[in-house]
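Asks: After the sequence you'll find the predicted model.
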Amino acid sequence: MIFTLTENVSLSPTVFSLRLEGPHGAVRPGQFAQVSVPGLYLRRPISLCRWDEKSVTLVIREVGKGTKALRSLAPGSPLDVLLPLGNGFDPSAAGQKPLLVGGGVGLPPLLGLCGELLALGKSPTVLCGFSSKSDSFLTEEFLSLGCDVRVSTLDGSLGAKGLVTGLMDGCDYDFVFSCGPRTMMKAVFDKAARPGQYSFEERMACGFGACMGCSVPTRSGMKRVCADGPVFPGGEVIW
Amino acid sequence: MKDLKVSLGGIALDNPVIPASGTCGFGKELSGWYDLNILGALSFKGTTIAPRDGNAAPRVAECPAGMLNSVGLQNPGAYHAAAYELPELKSFFHKPLIANISGFSEKDYVEAVEILQRDSAVRILEINISCPNVHGGGMAFGTDPKMAAAVTRAVKDVAEKPVYMKLSPNVTDIVSIARACVDAGADGLSLINTLLGMRIDLKRKKPVLANKVGGYSGPGIFPVALRMVWQVTGAVDVPVIGMGGVSSAEDVIEMMYAGAKAVQVGAANLIDPLACKKIIEDLPRAMEEYGIERLSDIRRVE
Ligand SMILES: Cc1cc2nc3c(=O)[nH]c(=O)nc-3n(C[C@H](O)[C@H](O)[C@H](O)COP(=O)(O)OP(=O)(O)OC[C@H]3O[C@@H](n4cnc5c(N)ncnc54)[C@H](O)[C@@H]3O)c2cc1C
Ligand SMILES: Cc1cc2nc3c(=O)[nH]c(=O)nc-3n(C[C@H](O)[C@H](O)[C@H](O)COP(=O)(O)O)c2cc1C
Ligand code: FES
């Protein structure tokens, strides 16, 4: 599907957001897009951060060739994108008090999720972890949705100093949704007193379940991160 | 009206385009993108007698003009495939099926063939002696003419359907392997499987793939594949299914001028799930451009 890039905005020195316009099917929070980068063979998997009927927004950290090329695209550029892919989070699995824990570019899919949880009348608390203030992004967007937002940074330059799991103490919640580095999610899982859903990354070729390129072992056998995931119940993961 | 029909040793196909084993699973995922009944045939995921989990992740790596995979034949096993995957596949796909079969011993191959050939939709047995991603067996059978011949004979002894041996490009002389298979009774050949390759992550200073090495496929291998198909079809007299990097209608036609009777499309499906559909729809235009009325008229160039 060909989308048109309508906005390319810098959110931090390394993070930027792309708004893509084009018709697409219904999106569940936590689903992702496979973005074709001109000149590179494999598509790049990127979570859907926000969406409406005629557009989607991706929030991306520049880490290598593909994300660097995406960052330099000018508005008006066509982009070949497959979406929505993957299973996504299930907002109905949570009770009234979901806890959302995100680290770095694990936060984008939680923004869309947060919106859906609020629409369902639930009261999410969002914990955002960054390495430092200069590296933070999306916190304003979470605040403007009208939820309880708490921030931690490793160097203490914004919010509490330390790991995002430190913010879990003193939170009252009945369900956990998490996305971020695997080590962060393991710490969240180990600490969480409640069940939850965790969103994983794996290197992908197709992104739609055909090649077995992204399969990982789980407690219920081999699962494709792209098609059976990227979201898995915490109890199914072999941490 | 351009005529896209081709024949694989008497098996009529509406067109020569076949998604390659390992890039279309058991059809289910691709069928969400288009009606697969426009395809010439479909070669399903390499199946072994026992179920396999495959290798550790990461299992894919990007390359210029292609990708590496070290999936390692993750599959549900022949019994499960025959009992569950094939009936489901047949509920939405009514064209010929190619059963892609792998093994670690002659006995493995024979048992998997016996199970999978019972399904009437399976019209061709594609015996993979070229998987670079498994230890013991796999590619070992395809890199030695004597072993390739032995597997061919063992399978031919029990096969009730045409046997196509799928050859590895990771050899010094593919013609000698092809001849050994044909002399041992192979009804046809499929080539090529992936080229053994490697990538190193310069940030981590480690191989990208957990398996360290994997099979290279995609547009980068097309010239190698074309050359091998041309050499093999110049030396043996059985139908050859050509594959390796095919991504466009022009590539299909070029592969047929190298001597292939039908063509498989692999990695291209993973980049664009509509790849085979687009190629089939584009073939009449490309045939017009090159003055071809019937694909079956194409003769191997000398
Ligand atoms: C389901 C899913 C959702 C994601 N959502 C986001 C998001 O919202 N925002 C964001 O910034 N990043 C996200 N990522 C990570 C993102 O896919 C990688 O950062 C990106 O592919 C890197 O590409 P590159 O060319 O810049 O890096 P390179 O290192 O040059 O990439 C080389 C190859 O490795 C792959 N690769 C590298 N890192 C990763 C990774 N972490 N995960 C998967 N493949 C990788 C690339 O896709 C490419 O095939 C997500 C990953 C997955 C699997
Ligand atoms: C992810 C992946 C999985 C594959 N699995 C199999 C397999 O199970 N059996 C097999 O015979 N070939 C397998 N192959 C090889 C392809 O069928 C094909 O021979 C090869 O990729 C060359 O074609 P291509 O360049 O068009 O991909 C696989 C290839 C890829 C990319
Ligand atoms: S990337 Fe192909 S199955 Fe997940």
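Replies: Arrived safely. Ligands and ions are numbered 1, 2, ... in the order given.
Asks: Residue of the stretch 1-150 of chain B closest to ligand 3, please.
Replies: Nearest to ligand 3, among the residues of the stretch 1-150 of chain B, is B:Val60, at 6.9 Å (Cβ to the nearest ligand atom). (Each C-beta comes from the backbone N, C-alpha and C, glycine too.)
Asks: What is the burial count for that residue?
Replies: Neighbour count for B:Val60, taken as other Cβ atoms under 10 Å in any protein chain shown: 24.
Asks: State the distance from the spatially closest residue to it that is not a sequence neighbour to B:Val236.
Replies: Excluding its sequence neighbours, the residue lying closest to B:Val60 (Cβ to Cβ, 6 or more residues apart in numbering or on different chains) is A:Gly213, at 3.9 Å. Separation of A:Gly213 from B:Val236 (Cβ to Cβ, to the nearest Å): 33 Å.
Asks: Who does the strand of greatest length in chain B pair with, and is each partner parallel or antiparallel?
Replies: For chain B, the longest strand by residue count, based on DSSP state E, is strand B:122-128. With DSSP bridges as the test, strand B:122-128 is paired with strand B:97-101 (parallel), strand B:163-166 (parallel).
Asks: Turn those into JSON lines, including distance to B:Asp3, mean pLDDT and mean neighbour count.
Replies: JSON lines is the format used below for those (distance: least, Cβ to Cβ, whole Å; pLDDT from 0 to 100; neighbours: other Cβ atoms under 10 Å in any protein chain shown):
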{"stretch": "strand B:97-101", "distance to B:Asp3": "22", "mean pLDDT": "98", "mean neighbour count": "27"}
{"stretch": "strand B:163-166", "distance to B:Asp3": "24", "mean pLDDT": "98", "mean neighbour count": "28"}
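Asks: so which of the ones you listed gets nearest A:Ala93?
Replies: For those, the distance to A:Ala93 is smallest for strand B:97-101, at 38.6 Å, taking Cβ to Cβ.
Asks: Quick one: name whatever helix or strand follows the closest one.
Replies: Remark: after strand B:97-101, the chain's next helix or strand is helix B:106-116, criterion DSSP states H and E.
Asks: pLDDT (mean, whole number) over that following helix?
Replies: The predicted model gives helix B:106-116 an average pLDDT of 96.
Asks: helices or strands up against it?
Replies: Applying 3 or more Cβ pairs under 8 Å, 6 or more residues apart in numbering or on different chains; DSSP states H and E, one finds that helix B:106-116 makes contact with helix B:78-80, strand B:97-101, strand B:122-128, helix B:145-158.
Asks: quick one on the thing from earlier: what's across from the residue of the stretch 1-150 of chain B closest to ligand 3 in the sheet?
Replies: B:Asn69.
Asks: so it sits right up against A:Gly207, yeah?
Replies: No. Applying Cβ atoms under 8 Å, one finds B:Val60 not in contact with A:Gly207, separated by 10.5 Å.
Asks: Overlap of the contact sets of these two?
Replies: Residues touching both B:Val60 and A:Gly207 comprise A:Cys214, with contact defined as Cβ atoms under 8 Å, 6 or more residues apart in numbering or on different chains.
Asks: what sits up against the longest strand of chain B?
Replies: Applying Cβ under 8 Å, 6+ apart, the contact partners of strand B:122-128 are B:8, B:11, B:21, B:41, B:43, B:46, B:86, B:96-102, B:109, B:113, B:116-117, B:138, B:151-152, B:155, B:159, B:161-166, B:188, B:190, B:193, B:241.
Asks: follow-up on the earlier one: how many neighbours does the residue nearest to B:Val60 have?
Replies: Neighbour number of A:Gly213 under other Cβ under 10 Å is 31.
Asks: Can you classify it as helix, strand or coil?
Replies: Assigned by DSSP: H, G, I helix; E, B strand; the rest coil, the conformation of A:Gly213 is coil.
Asks: Equivalent analysis for the one 10 residues further on, please.
Replies: Judged by three-state DSSP, the three-state class of A:Lys223 is strand.
Asks: could I have stretch A:41-52 exported to CSV, CA atoms only?
Replies: The C-alpha coordinates for stretch A:41-52 follow below in CSV (Å, rounded to 0.1, in the frame of the first residue of the first chain):
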residue,chain,number,x,y,z
TYR,A,41,15.8,-4.9,0.8
LEU,A,42,13.9,-5.7,4.0
ARG,A,43,11.0,-3.6,5.4
ARG,A,44,11.4,-2.1,8.8
PRO,A,45,8.9,-3.1,11.5
ILE,A,46,7.6,0.0,13.4
SER,A,47,4.7,0.2,15.9
LEU,A,48,1.6,2.2,15.1
CYS,A,49,1.6,5.1,17.6
ARG,A,50,-1.6,6.9,16.6
TRP,A,51,-4.1,6.6,13.8
ASP,A,52,-7.4,7.8,12.5
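Asks: Having no further points to raise, I will conclude here.
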